[in-house]
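>>> Give the three-dimensional model of this entry:
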Amino acid sequence: VFRAHDDRLGRTVAIKVLSPNLERDENALLARFTREVALHRKIKHPNVAILYDFSRLPDGSFYMVSEHIEGENVHEWLKAHGVFPLPLAVDLGIQALRGLEAIHAAGVIHRDISPDNMMITRDRRGRYQMKLIDLGLAKNLEVQAGLEITQAGIFMGKLMYCSPEQAGAIKDAPLDHRSDLYSFAAVLYEMITGKPPFDSENQHGFVFKRLTEPPQPLIGRNPQVRVPQELNDLVLRGLEKD
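This is a model prediction of the structure:
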């Protein structure tokens with residue numbers, strides 16, 4: 001991903017280049033790219049990054065030009081500042097849900113809701129604003145399963161934030177918008193407490209524990225953060241296995 005300046009429209013943009021080496025089959029690469037572009041263009045919402053343009057380079061690489069978001073993602077915030085102040089975490093969480101609502105209304109599942117894909121910027125009034133980015137793993141609910149971007153049996157999301165059904169742990173379970181809500185709840189949990197819902201030394205352990213153990217309550221997870229009971233219950237509801 002490159003940062004660039006659009007001389008024609010006078011704005012800073014992000015250019016995402018899809019390497020031709022990612023796929024040996026050029027037709028598969030073209031289908032994947034055009035599919036991603038089509039999904040992006042269906043979604044117009046202030047809490048979702050905007051796609052401006054797309055084309056192809058002389059070497060065969062595809063690229064798309066998107067809104068450049070000046071700010072930091074949730075992962076970078078946590079690393080630099082620690083946990084989010086509770087009112088800010090709730091406000092940004094509501095904004096993220098509004099963005100997800102727009103994505104789901106377009107018949108799309110994001111499939112990669114994680115701290116890296118939730119950007120924090122400021123609006124024209126200087127207020128914090130959440131932007132969901134990178135719909136590259138999105139699945140269009142309106143097309144047949146055989147036309148999905150990912151190959152069968154290959155999981156492209158992040159294990160720490162994926163839902164049980166997304167990890168393939170629930171046989172024949174359909175993947176729908178609820179999977180994004182599970183991932184969102186896992187990120188919001190971390191924004192509030194600074195810790196994940198489960199303790200594990202590796203990503204595979206997170207998958208195993210979410211199938212066999214309930215998530216730890218937010219209350220008491222971080223002694224420095226006082227979490228209201230109602231918020232604790234709401235986030236844990238988002239992390240329900242069923």
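
>>> Going by residue numbers, what spans are helices in the protein?
Using DSSP state H, the helices found in the chain span residues 26-41, 74-81, 86-105, 177-193, 203-212, 229-238.

>>> pull the longest strand from the protein.
For the chain, the strand that runs over the most residues, judged by DSSP state E, is strand 11-18.

>>> Can you give me the neighbour number for Glu213?
As a burial measure, Glu213 scores 12 neighbours (other CB atoms under 10 Å). From N, CA and C alone the C-beta is placed, and that goes for glycine too.

>>> quick one: contacts for it?
With contact set as CB atoms under 8 Å, 6 or more residues apart in numbering, Glu213 has these partners: Phe198.

>>> what's the spacing between it and Ser200?
Between Glu213 and Ser200 the computed distance is 10 Å (CB to CB, to the nearest Å).

>>> now swap in Phe33 and tell me
Distance of Phe33 to Ser200, given as CB to CB: 35 Å.

>>> got it, and Val207?
Distance from Val207 to Ser200, counting by CB to CB: 9 Å.

>>> Report the central residue of the chain.
The structure's the chain has its C-alpha centroid closest to Ile113; by CA atoms, centre = their mean the separation is 2.3 Å.

>>> re the thing from before, direction included, what does the longest strand of the chain pair up with?
Each strand that pairs with strand 11-18, with its direction, by DSSP bridges: strand 2-6 (antiparallel), strand 62-67 (antiparallel).

>>> Would you mind listing the buried residues in it?
Val13, Ala14, Ile15, Lys16, Leu18 (16 or more other CB atoms under 10 Å).
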